[in-house]
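In: sequence plus predicted model, see below.
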8 protein chains.
Amino acid sequence: GFAKVDNHRELRNGFAEVIYCAGKTPTQVQGIVQVMRRDGASILGTRASKELFKSVRAIAPEAVYYEDARCIVIDPKKKKQEEPLIAVVCAGTSDIPVAEEAAVTAETFGYPVDRIYDVGVAGLHRLLGEMPRLRQADVVIVIAGMEGALVSVVGGLVDRPVIAVPTSVGYGTSFHGITALLAMLNSCASGVTVVNIDNGFGAAYSACLMLKMNERRINH
Amino acid sequence: GFAKVDNHRELRNGFAEVIYCAGKTPTQVQGIVQVMRRDGASILGTRASKELFKSVRAIAPEAVYYEDARCIVIDPKKKKQEEPLIAVVCAGTSDIPVAEEAAVTAETFGYPVDRIYDVGVAGLHRLLGEMPRLRQADVVIVIAGMEGALVSVVGGLVDRPVIAVPTSVGYGTSFHGITALLAMLNSCASGVTVVNIDNGFGAAYSACLMLKMNERRINH
Amino acid sequence: GFAKVDNHRELRNGFAEVIYCAGKTPTQVQGIVQVMRRDGASILGTRASKELFKSVRAIAPEAVYYEDARCIVIDPKKKKQEEPLIAVVCAGTSDIPVAEEAAVTAETFGYPVDRIYDVGVAGLHRLLGEMPRLRQADVVIVIAGMEGALVSVVGGLVDRPVIAVPTSVGYGTSFHGITALLAMLNSCASGVTVVNIDNGFGAAYSACLMLKMNERRINH
Amino acid sequence: GFAKVDNHRELRNGFAEVIYCAGKTPTQVQGIVQVMRRDGASILGTRASKELFKSVRAIAPEAVYYEDARCIVIDPKKKKQEEPLIAVVCAGTSDIPVAEEAAVTAETFGYPVDRIYDVGVAGLHRLLGEMPRLRQADVVIVIAGMEGALVSVVGGLVDRPVIAVPTSVGYGTSFHGITALLAMLNSCASGVTVVNIDNGFGAAYSACLMLKMNERRINH
Amino acid sequence: GFAKVDNHRELRNGFAEVIYCAGKTPTQVQGIVQVMRRDGASILGTRASKELFKSVRAIAPEAVYYEDARCIVIDPKKKKQEEPLIAVVCAGTSDIPVAEEAAVTAETFGYPVDRIYDVGVAGLHRLLGEMPRLRQADVVIVIAGMEGALVSVVGGLVDRPVIAVPTSVGYGTSFHGITALLAMLNSCASGVTVVNIDNGFGAAYSACLMLKMNERRINH
Amino acid sequence: GFAKVDNHRELRNGFAEVIYCAGKTPTQVQGIVQVMRRDGASILGTRASKELFKSVRAIAPEAVYYEDARCIVIDPKKKKQEEPLIAVVCAGTSDIPVAEEAAVTAETFGYPVDRIYDVGVAGLHRLLGEMPRLRQADVVIVIAGMEGALVSVVGGLVDRPVIAVPTSVGYGTSFHGITALLAMLNSCASGVTVVNIDNGFGAAYSACLMLKMNERRINH
Amino acid sequence: GFAKVDNHRELRNGFAEVIYCAGKTPTQVQGIVQVMRRDGASILGTRASKELFKSVRAIAPEAVYYEDARCIVIDPKKKKQEEPLIAVVCAGTSDIPVAEEAAVTAETFGYPVDRIYDVGVAGLHRLLGEMPRLRQADVVIVIAGMEGALVSVVGGLVDRPVIAVPTSVGYGTSFHGITALLAMLNSCASGVTVVNIDNGFGAAYSACLMLKMNERRINH
Amino acid sequence: GFAKVDNHRELRNGFAEVIYCAGKTPTQVQGIVQVMRRDGASILGTRASKELFKSVRAIAPEAVYYEDARCIVIDPKKKKQEEPLIAVVCAGTSDIPVAEEAAVTAETFGYPVDRIYDVGVAGLHRLLGEMPRLRQADVVIVIAGMEGALVSVVGGLVDRPVIAVPTSVGYGTSFHGITALLAMLNSCASGVTVVNIDNGFGAAYSACLMLKMNERRINH
Ligand SMILES: Nc1ncnc2c1ncn2[C@@H]1O[C@H](COP(=O)(O)O)[C@@H](O)[C@H]1O
Ligand SMILES: Nc1ncnc2c1ncn2[C@@H]1O[C@H](COP(=O)(O)O)[C@@H](O)[C@H]1O
Ligand SMILES: Nc1ncnc2c1ncn2[C@@H]1O[C@H](COP(=O)(O)O)[C@@H](O)[C@H]1O
Ligand SMILES: Nc1ncnc2c1ncn2[C@@H]1O[C@H](COP(=O)(O)O)[C@@H](O)[C@H]1O
Ligand SMILES: [Mg+2]
Ligand SMILES: [Mg+2]
Ligand SMILES: [Mg+2]
Ligand SMILES: [Mg+2]
Ligand SMILES: [Mg+2]
Ligand SMILES: [Mg+2]
Ligand SMILES: [Mg+2]
Ligand SMILES: [Mg+2]
């Protein structure tokens, strides 16, 4: 009785049900999973430790764990063809957990992802070398910590919606992601919108909504 | 010679050229307009005072001024049919200038806009009464100052991408829009991305990129 | 001799004596409890760990521990009838510890509580479905983390005093409750007052003072 | 058509309609006043300049202006008897405008006010000398800038709900009221709730809701 | 060779040598103590854990440890008569460690201390009951966390220099002492100066300099 | 009737009555001056514009205006001999208004002042050249903006109480004095206490209390 | 007598004397100029209005005013040959005043400057097109507001010391240059050091010291 | 495949390859080291724990660990003669880890270092006693926590580029290095540039670029 599961969601948008696992006990998560499965929903659990995954698998043996992403996935949508495509771009290896949270979320919701990692602007040739892949994307998620300059450079190079995710990577005046967040909000490139620090999930959710709106219009 | 006009933009994305007029002298803006017109570009000038508009009109008589939006528009794209549709939603009358900056930007770029103003959550019936219009939208821009709660409520009610614009409306601890910004970044509704304080232009630019990506895919 | 127990309080307002246990040693708390019990006071200990409770029970066997609320209660007022009623409303399951601190405080001081939990605005139907219960309340305590939008929505729906408690739930720019606090201070709904982050006790104390003022006037 | 007047309010809570005049043009305020008067509502306009008042008086000759409070009042509730009583307490002469906004609001809503001004804690005898008046109050609004210590002292001396209003009075690290706000949120006295900086209106609104809830219960 | 011991200090001001032990290894502190003792200096070590004390006692058996104060003292000045007198006043039991750092520092430097603890303003009678002791003091050190109101009340009641020490006691918006610090800097009482958060040592050092200046002038 | 003049002060501490003129109307200040003069008090008005001074002189012809200090003085204590001496030290010419507020305050309260101006640490020889004067002082007030390093250097060179006053001089990250304030609170020199930004008055008041305490002890 | 002119400087480093004119009266600046000219120094006045310049020219007819830079120059060093070379790079036209302060300072101190303006990263081709000029520089000063990403891109492309100057250009969360400053301090490119917001002078001063150190070693 | 090693760097600037080890797993670091060694690069690993070093030594037996500096070095450049010289100056013993990170970096890149430690301004004679060594330096790195005043004093005494490194040493309002950072950005001494908190590596990198630019010009 502790949580009111919102089982309208999948009906409305066709995405999986999502459980934000941080700060929930194994018992609480198990309870929510059980209610959701009864409704036949596919399920995504974010911010989940490996221990939590084990409790979930005990009651839902088909559950899969993505370690870098810290995500539990139950019965995801089957991956679509090559298109529409979400590029997930990140600056450094420390940003990969956030990038993977975004990528796994998008894939669970049924959209293919192109991972373009470790292309920070300090060595610009790395990013420029990936321009052909970047240009294939319909939506671009850019993930960076420290000063977040990658967002402005990517935003200037592509004509697609850019969703920026600041990460808490850095030290001293990186202020656990605040500097990257502020830089992204003030990007001199147009077409950039921003989500909370380390919120890979939220970026992917928004990207998928953009593509789904798109589909609705095509099918219309 | 003071500014390097970036005349690649319209080629790339088919949008008008944009001049951010704040802090530029009339002479600087006139110079930029002249170069752009030579290339036949349609032009949007934001953050423009009425005085600045007069200097622009002196050299470009077809220029139009939108007072609430503080925008100058030259030769906009002809408005398309009813679809795809951007809803611009705002909480109070003080948010209207930012809302109009967004609306005029989107219309100048060729997308129709539905303005749903003064529907702040303190009187929830006002927003709920507009649900039919909200449901027609392909993308929703939500504009609010103070505590920005409108974003979370709208985000929970629609299944479309929501772009949130915090405004500098409020006093004391509204901190000129920081409180609204933080609230929007922490929205409990999924599918919300955020732009800088008072950045109606940026929200509309991103909304149009989402719809244009859509068109490309339809034409594809 | 380390603490000057303020034994004027129950005389003045008829509430239990309160011990803020955070940062006090078991010996210190035992000492305070002993002095208070000598005066026959009922006692509420907040922010108490289970370990601390055990030390207290050793000298006061009638002590009861409320785990979620982290409260120790000794000899509370007997619960009154159905009225006057305090509604304790919270947004998500992570806010429950703060909500319980408020609820247990109010009950210890002798007022009945209606717990309306997990009704965050991302799924507005959950809150709207509880309107009948909300309308019964004489005072409403609203508890939320993240962007705290629930406060504005509740504040717009009821005509009762609303006491808002920001919680430290969230991550990144939730800044351990600062975002929720700022949002609540800037609520566009009138009739909202705010207490410190996670201060469920303080909200309930104020609610009880409002109801007691009421009683005095009735008896007058 | 620029504003959606919320004419449900007076029906619901019996208070006057309120217009927040800051940032509204004379024409906008006149328009709102005309709609409200058509419904026979009593009206309170806050943050109104003398110039704005003149525009309002032109269309509503019965309007009255309170200069210190910067409030316009049209057709207020007739003042009740001596009870229930709101004490408005302030620390220094610079806090008087905020105190008057609170006092005029409460009086417009029909509740009597006892003004206890210039009793800051630097000369404690001034406050202690007013204890008899303070003890008569049913609700106490305490208004202070700088370090806001008056709130804690009053909160320790009375057994009534205390609503604290930080003011932007001070310089340097007073940070336009942030220091007072933080001090009030951390008051060591129980029973204190807080509103936004300089928000005398909001404090009075909440105080009146407390007293009205009270009346409902008496009449019940 | 790692530290340049400043052995001019005792010559200049007659106080003990001081070692700030936080972040120094036992070996480093032992080394510094050995050099200082060679010069016959009396020594005060602040922010010292019990473990660190044991290493010091191993090479300086006359060393004494003050647990609450977390201070090591070697060969302090003999305590003078009753005068001049430093009052160390604190608001709550959680402030005692900082108060003791101040008291032990002053006593080590040769000045008598009157400890007036647990007299926070929420129960004003506790402070007013100690006025006779407060009036005896030549300098008053006031130590408080949370909203720090005690400083303004004491400052208004005495005609002596008041040194305010904010402590990191509190939660939420107490911001680990920042709120108390800001409140103290903005005290409406004249004659208050402030030191860093939790800096009991610094407050006592300044108090002793005031009294020593005094002595010089008497002996002059 | 707007202000409660605190006429206990001069009795208690023998200093002049002080009026903080900022934000008070000429009529308010005149009223306060008239009450105070009736009691024969000497008066210091700080933060007073030249215009305000003219209103005061109209009713108190003996009033004198100190332009740099922005102070009005009526009937000051006669200056004492050469001792005890307050040194007022400042870093740059822009700090002089704050330095003069301190100096005029001290002189009005009856203590002689040695002004040592424009000795910022960027040219250390300027400060070192004034060591003989610095060593004469009983209390040292150090006034600096920007990074406030002068405080630490002076604090290391003298064995007297140092009162540090941060000024709002600087730009960008000087944050109107916050940087200087923080630097002073963290001074590595012992014996430094701090007052609010630009608070020359408060520093002098505290310095005078230190010297008066001294006198009391001498006369004792 | 108000200012201690530091006439050691030119002797020591061979640069012009510098007057920071902000907040100095015309009389003060004239006085300082007169003392300096007596010593035959070349003089640079920064943050000087055109009005101030006129007062200076009245007593020093050879003075020249640089309007964009807001600098007064008297008798600058004669410009050297093409080397060593300082590149001054800026992102947008609004950054030009700060860029010019840097350029004029460097030229006054005797070093040639290559101005590379309006090459912000939103249109990366503009910067890449200037690589040949950038590669000629011995030191690079990069000036940008908003998110300051230009610094990281330049830092990654050159092997020279980069001095970053954040400007107060932007709005909302640009926080008058704080965002750019933080971004620059956290640049993922190595070899970047940072100065205060809008401090073009300081950047150029440091650049010249680097080149002068260089010369000393060559002549050695 | 997780990281794109940037093997252009040593070619371009002749420095060692650098690995920022914080937050990388031993496997990741081993992988990067292996790729780099294949190219024959010399390698510097910063922010490396002793455990991480052991994993590296397992695959690169010639690796050396500098414990204070927390650096791993493989095949450094051979140390040059006495010149050009970098002075690394620090205020207290707690700053030594950051100072050592700077010193080891510079030495690894081939430049000699003079370590001048524990010369904080509270005892100015310590710094003044080292002036002869300071005057030998070509570039000076100054490292300090707390209020960072050492930077301004050194900057005023030398005519060389000063690179300031704030450290996170201190407590309370030192805010983990922010106070020192702000102080350094606002230094009244010219010729100071600043890097991120605790960024000894970055300071040394910039110092080496200055000296290398120098060499290029000599060889030119
Ligand atoms: N990593 C995440 N960051 C932010 N929001 C999330 C995250 N994961 C899930 N959510 C949101 O949290 C909601 C579920 O919260 P709950 O009901 O507490 O499990 C989902 O509907 C999402 O909107
Ligand atoms: N001084 C004030 N401070 C804060 N809120 C106010 C104030 N005056 C009015 N309000 C609120 O603003 C609402 C009216 O806003 P508006 O519709 O913009 O005129 C009222 O219902 C009040 O809740
Ligand atoms: N608790 C403390 N807080 C602030 N400063 C202290 C403290 N204890 C000692 N100090 C100062 O630190 C100096 C010694 O520092 P150190 O040389 O690092 O041991 C002393 O001279 C004091 O000025
Ligand atoms: N624009 C500037 N920004 C920062 N510091 C400056 C500037 N112009 C001059 N200065 C510094 O200010 C000193 C002169 O200050 P003053 O003695 O007040 O004129 C010079 O030596 C420079 O170090
Ligand atoms: Mg783009
Ligand atoms: Mg939604
Ligand atoms: Mg309501
Ligand atoms: Mg009370
Ligand atoms: Mg006093
Ligand atoms: Mg000293
Ligand atoms: Mg580089
Ligand atoms: Mg220098």
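Out: The structure has been received and is ready for your questions. Owing to the predicted nature of the structure, the values given are computational and were not obtained by experimental measurement. Ligands and ions are numbered 1, 2, ... in the order given.
In: please count neighbours and contacts with C-alpha atoms only from this point.
Out: Will do.
In: ok, residues contacting the longest helix anywhere in chain A?
Out: Secondary structure of chain A read by DSSP state H shows that its longest helix is helix A:200-219. Applying CA atoms under 8 Å, 6 or more residues apart in numbering or on different chains, the external contacts of helix A:200-219 come out as A:46, A:84, A:86, A:98-103, A:105-106, A:109, A:111, A:139, A:141, A:163-165, A:195, B:138, B:159-161, B:190-193, B:210-211, B:214, B:218.
In: 7 Å instead?
Out: Contacts made with helix A:200-219 from outside it, assessed by CA atoms under 7 Å, 6 or more residues apart in numbering or on different chains, are listed as A:98-99, A:101-102, A:105-106, A:139, A:141, A:163, A:165, A:195, B:138, B:160-161, B:190-192, B:210, B:214, B:218.
In: does ligand 6 sit close to that helix?
Out: No - applying CA under 5 Å from the ion, one finds that helix A:200-219 is not in contact with ligand 6, the shortest distance being 8.7 Å.
In: ok, and for that helix, which residues are buried?
Out: Along helix A:200-219, these residues count as buried under the neighbour rule (16 or more other CA atoms under 10 Å in any protein chain shown): A:200-214, A:217.
In: re the thing from before, weed out the non-buried ones from the contacts of helix A:200-219.
Out: Taking 16+ other CA under 10 Å as the criterion, what is buried in the contacts of helix A:200-219 is A:98-99, A:101-102, A:105-106, A:139, A:141, A:163, A:165, A:195, B:138, B:160-161, B:190-192, B:210, B:214.
In: so which of these are also by ligand 3?
Out: The residues of the buried ones among the contacts of helix A:200-219 that also fall near ligand 3, by CA under 6 Å from any ligand atom, amount to none at all.
In: show me the helices in chain A, by range?
Out: With helices called from DSSP H, chain A shows them at A:9-13, A:26-38, A:50-59, A:96-108, A:124-128, A:131-136, A:149-157, A:178-185, A:200-219.
In: and residue F:77, which of those is closest to it?
Out: Residue F:77 sits nearest to helix A:178-185 of all the helices of chain A, at 54.2 Å, using CA to CA.
In: show me which of the buried residues of helix A:200-219 is closest to residue B:72.
Out: Closest to residue B:72 out of the buried residues of helix A:200-219 is residue A:210 (29.4 Å), distances taken as CA to CA.
In: got any ranges where chain A has weak pLDDT?
Out: Across chain A, the stretches falling below the confidence threshold (pLDDT under 70) are A:1-13, A:79-80, A:217-220.
In: kindly report the residues of it close to ligand 9.
Out: Of all the residues in chain A, none lies near ligand 9, going by CA under 5 Å from the ion.
In: chain B contacts on chain A?
Out: Counting by CA under 7 Å from any CA of the partner chain, chain A comes close to chain B at A:13, A:138, A:159-161, A:185-186, A:190-196, A:202, A:205-206, A:209-210, A:213-214, A:218.
In: among the residues you listed, which ones lie close to ligand 12?
Out: If you filter those for contact with ligand 12, counting by CA under 5 Å from the ion, you are left with nothing.
In: which residues touch the residue most central in space within chain A?
Out: With the centre of chain A defined as its mean C-alpha position, the nearest residue by CA atoms, centre = their mean is residue A:102, 1.7 Å away. If a contact means CA under 7 Å, 6+ apart, then residue A:102 has A:200, A:201, A:203, A:204 as its contacts.
In: repeat that for residue A:146.
Out: For residue A:146, the residues meeting the contact criterion (CA under 7 Å, 6+ apart) are A:169, A:170, A:174, A:177, A:179, A:180, G:186, G:187, G:188.
In: excluding chain neighbours, what is closest to the residue in chain A that ligand 3 sits nearest to?
Out: Of all residues in chain A, residue A:172 sits closest to ligand 3, at 22.1 Å by CA to the nearest ligand atom. Distances taken as CA to CA, 6 or more residues apart in numbering or on different chains put residue H:197 closest to residue A:172, at 5.0 Å, once the chain neighbours are dropped.
In: same deal with residue A:149?
Out: Leaving aside its chain neighbours, residue A:149 sits nearest to residue G:149 (4.7 Å; criterion: CA to CA, 6+ apart).
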